[in-house]
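Trainee: coordinates for the following, if possible.
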Amino acid sequence: MLTAAHKRRLITAAALLVVLLLGIAFGGWLLRLLLLVASTLCLYEFLRLFDSRGLRSVRTLSGLVLGALVLLLQAGGPLWAGVTLGVCFVVCGIAFLCDFSGSNATLADYAPLVLGIVYVPFLLGLALYCSPAEQCLILAATIASDTGAYYTGSSFGRHKLFAYAVRHSINAVKIMPYYRSHRIGG
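Mentor: Down below sits the predicted model:
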């Protein structure tokens with residue numbers, strides 16, 4: 001039985017699917033605009049998983065701006081995409097070093113920023129170099145894998161994946177310096 005939330009998701013998905021298919025059909029600036037909007041929304045959702053302050057966070061705002069730059073400059077070709085991604089790494093590194101000196105910031109606070117920029121806008125921007133048929137195939141594969149993962153996790157999962165994964169990742173980051181110092185020293 002479909003709940004009200006599922007019905008809303010299905011209606012939203014159907015409407016967005018029509019918009020995306022029109023963007024793919026017309027291509028050009030319409031497709032770039034749709035990718036920019038989708039990338040910004042997805043990157044914002046991704047970054048909010050790690051920083052609940054949302055748009056009040058300088059890290060989140062800088063991530064959205066850098067993500068938009070990565071996506072927009074990919075229109076210039078693959079070389080621009082690589083250069084822009086390299087600049088993002090440098091900017092994120094400088095921001096980390098400036099924040100590290102004056103607060104309790106750790107590398108784990110900045111890793112989602114860099115990874116989010118690579119994971120969302122950079123990978124979405126690669127769709128600009130695909131044919132419309134390949135873009136539709138990417139869209140269908142993404143919809144199928146996300147839907148399958150959601151329902152499989154809802155049906156068979158025992159733990160909330162995000163909280164479980166973050167807890168273990170943070171523990172791994174905490175013990176790594178200890179492991180390295182004993183391994184090098186002993």
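
Trainee: when you work out contacts or count neighbours from here on, use the C-alpha atoms and nothing else.
Mentor: Fine.

Trainee: where does N104 sit: helix, strand or coil?
Mentor: coil (DSSP: H, G, I helix; E, B strand; the rest coil).

Trainee: before we move on, what about D51?
Mentor: coil.

Trainee: how close does it get to S57?
Mentor: As judged by CA to CA, to the nearest Å, D51 and S57 stand 7 Å apart.

Trainee: burial measure for I94, as a count.
Mentor: Counted with other CA atoms under 10 Å, the neighbours of I94 add up to 12.

Trainee: whoops, I mixed them up, V90
Mentor: Applying other CA under 10 Å, I find that V90 has 13 neighbouring residues.

Trainee: by contact count, what packs against the helix or strand harbouring I138?
Mentor: Using DSSP states H and E, I138 sits within helix 132-156. With contacts defined as 3 or more CA pairs under 8 Å, 6 or more residues apart in numbering; DSSP states H and E, helix 132-156 has these neighbours: helix 4-26.

Trainee: quick one: mean pLDDT over the helix it packs on.
Mentor: Averaging pLDDT along helix 4-26 yields 84.

Trainee: relative to helix 132-156, how tilted is that helix?
Mentor: 170 degrees (axes from the mean of the first three to the mean of the last three CA atoms, to 10 degrees).
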